[in-house]
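Asker: Structural data only, the sequence is not supplied:
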C-alpha cells in the first residue's frame, strides 16, 4: 500500500528562521504531491502542488517544495518563518482519484 | 469563491444516537470524500463517491454509511454513535477530470460522543 511519511510530528523554529518540513512517499511511480496547511479548528487549504514539469514548486505565503524522485521526497521550505505560519502541515500523494495523507507536522514559531 | 460547506461545526451526541453530517459543494465536482482526522493519525478515508448514487468504502468504513442523492451533496451517517467515533470529520471534493485536481476541504465537523 502507498504511504506518506513526515519526519517530526512537531517542529519548532524561531521567527525569521528557515522552515523545513520533511515528506517522503513510498512508490516506484511518482504520484502527484501536495502540501496542505490547517489552522486551528479549520479545514485544510492547499499550499502548493507538484504534478509534472519543474521540480521546484512555489506556493502561497512564501512556501516552496522540491520534488526529488531519486529520494522519493517532497520537502517543504520557507526561508523566514512568521508567527502566522504556526499551524499543522500535511503532505499528501495523489494516485489517480485517490489521496494518501501523511500524519502531519505541527509547526510552532517562537518569538 | 469556491466552497465546501459542512452543515455543523460542532456537535455533541449521546452513545447510540443516529448522527447526520452533511456536506455541500458548489464547484460541480464529481468526486466527494469523507475523512476522519485524529491526532497523530493524519486523515483517514471513510467513504468516497465518484458520482451521484455511487459510493466506495475507504480505509475505515465500519460504523459509517453515506448517501449521495445529488451531485453537490454528500452525507455521512453514523447509525449508532459510539464514543470511539469522537473525532474531527472533514468533507472534501475534487474534479473528476484528469487526476491532478487537488482536494478542496470544508471547515470540518467536530463530533463529541458522550
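Answerer: That came through fine. Keep in mind the model is a prediction, meaning the values are calculated, not measured.
Asker: Now name the helix or strand holding the spatially most central residue of chain A.
Answerer: Per Cα atoms, centre = their mean, the C-alpha nearest to the average position across chain A is that of residue A:35, at 3.9 Å. Using DSSP states H and E, residue A:35 sits in strand A:32-38.
Asker: List the neighbouring strands of that strand plus their orientation.
Answerer: Counting by DSSP bridges, the strands paired with strand A:32-38 are strand A:44-50 (antiparallel), strand A:87-95 (antiparallel).
Asker: export these to CSV and tack on mean pLDDT?
Answerer: Shown next, in CSV, are the strands paired with strand A:32-38 (pLDDT from 0 to 100):
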stretch, mean pLDDT
strand A:44-50, 93
strand A:87-95, 92
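Asker: Nearest residue to the one residue in chain A that gets nearest to chain B in space, please, no chain neighbours.
Answerer: Closest residue of chain A to chain B, Cβ to the nearest Cβ: residue A:43 (3.6 Å). Placement of C-beta: from N, CA and C, glycine included. What sits nearest to residue A:43 in space, not counting adjacent residues and going by Cβ to Cβ, 6 or more residues apart in numbering or on different chains, is residue B:105, at 3.6 Å.
Asker: right, and the one you found touches residue B:92 too?
Answerer: Yes. In this structure, residue B:105 is within contact of residue B:92 by Cβ atoms under 8 Å, at 4.7 Å.
Asker: Are there residues contacting both of the two? Which ones?
Answerer: Shared contacts of residue B:105 and residue B:92, defined by Cβ atoms under 8 Å, 6 or more residues apart in numbering or on different chains, are found at A:43, A:44, B:4.
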